[in-house]
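[1] 3D, please:
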Amino acid sequence: MQRRYVTVDVFTDRAFGGNQLAVVLDAGGLSTEQMQSIATEFNYSETTFVLPPRDKANDAEVRIFTPVRELPFAGHPNVGTAFVLATIAKESKPRLLFEEKAGLVPVDIVREQGRVISAELTAPQKLARLAQLPAADVAACISLAADDIKTDHHAPQVVGVGTPFVVAEVRSREAVRRAKPDAAAFGRMLPRDGAFSVYFYTRDVPAAEAPCERQARMFFPGASGLIEDPATGSATVAAAALFADLDPTRDGELRLTIGQGFDMGRPSMLLTRVRKQDGKIVSAHVGGSCVRMMEGTFRLEGEG
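    Down below sits the predicted model:
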C-alpha cells in the first residue's frame with residue numbers, strides 16, 4: 001500500500017524557515033509502533049498521522065509523534081496538518097475539527113483570494129498551572145546563571161493547555177542567545193508534572209526583530225539527545241495563556257507576536273491571542289503561516 005505524505009514549514013511565510021512537519025495522509029491500519037518508527041525515520045520534531053474520525057461530525061483523528069514518543073497535543077502539527085488538509089480538500093471549510101489524545105482541537109483556516117495561507121488552533125484544555133521550580137535549577141538546564149532568570153512576573157513553572165512545559169522568563173535577549181541545553185541538569189529536574197521540555201523567553205526584544213514582542217527558545221529530549229525546536233505552538237499558547245492569567249485585564253483579547261527559531265536560522269512567527277471574560281480565560285489560540293515543501297509516498301515492507 002502506497003501511503004502519501006506532505007511536508008510543510010510551519011509558522012513561516014518562506015521556505016526553509018519555521019518548523020518542519022511531515023503529515024502522513026493515509027495512516028489507516030498503521031499500528032502505534034509503526035507510527036513511532038515512521039516518525040523516527042522522518043526525524044522532524046513531530047510527524048502527524050491522519051486517520052478517519054471516530055465521530056463523523058469531526059474531520060479527522062490526528063495522532064502526533066516526536067522521534068521518541070507520542071504527544072497528546074502539539075501546536076505546529078495542528079496548524080500544519082490543517083493547512084495541508086485544507087489545501088488539498090475539495091470543500092473549502094472555514095474550520096477543521098481534530099480528535100486528539102488531549103481532546104477536540106478546532107483549527108480555523110485563513111484564506112486570501114481563495115488560497116490557504118495560514119491556520120489558527122484553539123487549545124483543547126484550560127490553562128493548568130502546576131509545579132513551580134527553582135530559578136537555579138531551570139537556569140542550569142539551559143546553561144545560564146540563576147540571576148539570568150527573571151521571577152518578578154512569575155516563577156519558572158510547569159504550565160500547559162494540552163501538553164505541559166516548563167516556562168521561564170530570561171532577563172535579556174543576549175542571555176536567550178547564549179543558552180545551551182545541559183543534559184545532566186535536564187536529567188535531574190525533568191520530567192516534572194508531565195513536562196519534558198523547557199520553554200524560555202524574554203521581553204527584551206530589539207527593534208530589528210519586530211514585530212515580535214517576545215523572543216523564545218525551547219529545548220527538549222530528542223532521539224539523538226537534547227535538541228532545540230524552532231517553533232513550539234503548544235508551549236507558546238500555554239505561555240500566552242499564562243501571561244493573560246497574570247494580566248489584570250478582566251475582559252478583552254490579549255494578542256502577542258512571539259518569535260522563535262531566530263537563533264537556529266529558522267525564524268518563526270507565532271501569533272497568539274487569549275480571550276478573557278470576568279477575569280477568567282475563555283479561550284487560547286495560536287496560529288501562523290505555512291509553506292508547502294515536499295510530497296511523496298512510501299510503502300512499508302510486508303504491506304500490499
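[2] hey, where'd the helices end up in the stretch 101-250 of the chain?
    Ranges of helices within the stretch 101-250 of the chain are 135-141, 173-178, 183-189, 233-246, based on DSSP state H, counting those that start in this stretch.
[3] dump these to CSV, plus distance to residue 303, mean neighbour count and mean pLDDT.
    Where C-beta positions appear, they are placed from N, C-alpha and C, glycine not excepted. Formatted as CSV, those follow (distance: least, CB to CB, whole Å; neighbours: other CB atoms under 10 Å; pLDDT from 0 to 100):
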stretch, distance to residue 303, mean neighbour count, mean pLDDT
helix 135-141, 42, 21, 97
helix 173-178, 46, 16, 98
helix 183-189, 38, 15, 94
helix 233-246, 32, 26, 97
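[4] what about residue 298, neighbour count?
    Burial measure for residue 298: 15 neighbouring residues, criterion other CB atoms under 10 Å.
[5] surely it meets residue 22?
    No. Applying CB atoms under 8 Å, one finds residue 298 not in contact with residue 22, separated by 10.4 Å.
[6] do a quick rundown of the strands in the stretch 101-250 of the chain.
    Counting by DSSP state E, counting those that start in this stretch, the stretch 101-250 of the chain has strands at residues 103-112, 115-122, 128-132, 149-150, 157-160, 164-170, 198-202, 214-222, 225-229.
[7] quick one: closest of those strands to residue 273.
    Checking these against residue 273 by CB to CB gives strand 115-122 as the closest, at 8.2 Å.
[8] and the angle for the strand or helix carrying residue 288 with helix 233-246?
    Secondary structure from DSSP states H and E places residue 288 in strand 280-298. Angle of strand 280-298 versus helix 233-246, following axes from the mean of the first three to the mean of the last three CA atoms, to 10 degrees, is 170 degrees.
[9] parallel or antiparallel, list what pairs with strand 280-298.
    Partner strands and pairing direction for strand 280-298 (DSSP bridges) are strand 3-10 (antiparallel), strand 115-122 (antiparallel), strand 268-277 (antiparallel).
[10] wait, residue 199 touches residue 239, no?
    Yes. Using CB under 8 Å, residue 199 is in contact with residue 239, at 6.3 Å.
[11] related to what we said a few turns ago, now mean neighbour count and distance to residue 156 too, for the strands paired with strand 280-298, in TSV please.
    Formatted as TSV, the strands paired with strand 280-298 follow (neighbours: other CB atoms under 10 Å; distance: least, CB to CB, whole Å):
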stretch	mean neighbour count	distance to residue 156
strand 3-10	22	27
strand 115-122	20	25
strand 268-277	22	20
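[12] nearest to residue 154, out of the ones you listed?
    Of all these, it is strand 268-277 that lies closest to residue 154, at 15.0 Å by CB to CB.
[13] before we move on, back to that, reformat the strands paired with strand 280-298 as a markdown table; add mean pLDDT and distance to residue 227.
    Shown next, in a markdown table, are the strands paired with strand 280-298 (pLDDT from 0 to 100; distance: least, CB to CB, whole Å):
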| stretch | mean pLDDT | distance to residue 227 |
| --- | --- | --- |
| strand 3-10 | 98 | 17 |
| strand 115-122 | 96 | 23 |
| strand 268-277 | 98 | 16 |
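[14] where does pLDDT dip in the stretch 101-250 of the chain?
    Where the stretch 101-250 of the chain drops to pLDDT under 70, the residues are 222-224.
[15] can we see that at 90?
    Where the stretch 101-250 of the chain drops to pLDDT under 90, the residues are 114, 210, 220-227.
[16] related to what we said a few turns ago, out of the strands of the stretch 101-250 of the chain, which is the most enclosed?
    Per-stretch averages of neighbours, counted by mean count of other CB atoms under 10 Å, single out strand 164-170 among the strands of the stretch 101-250 of the chain, with a mean of 26.
[17] so what touches that strand?
    With CB atoms under 8 Å, 6 or more residues apart in numbering as the test, strand 164-170 has contacts from 128, 130, 133, 135, 138, 141, 144, 148-151, 153-154, 156-159, 176, 179, 189-190, 192-195, 197-203, 218, 232, 234-235, 238-239, 242.
[18] rerun that using 7 Å as the cut-off
    Residues from elsewhere that reach strand 164-170 (CB atoms under 7 Å, 6 or more residues apart in numbering): 128, 130, 133, 138, 148-150, 153-154, 156-159, 176, 193-195, 197-202, 235, 238-239, 242.
[19] circling back to that earlier point, which among the strands paired with strand 280-298 is found nearest to residue 38?
    Nearest of the strands paired with strand 280-298 to residue 38, taken as CB to CB: strand 3-10 at 8.7 Å.
[20] which neighbours do residue 298 and residue 22 share?
    Residues touching both residue 298 and residue 22 by CB under 7 Å, 6+ apart: residue 5.
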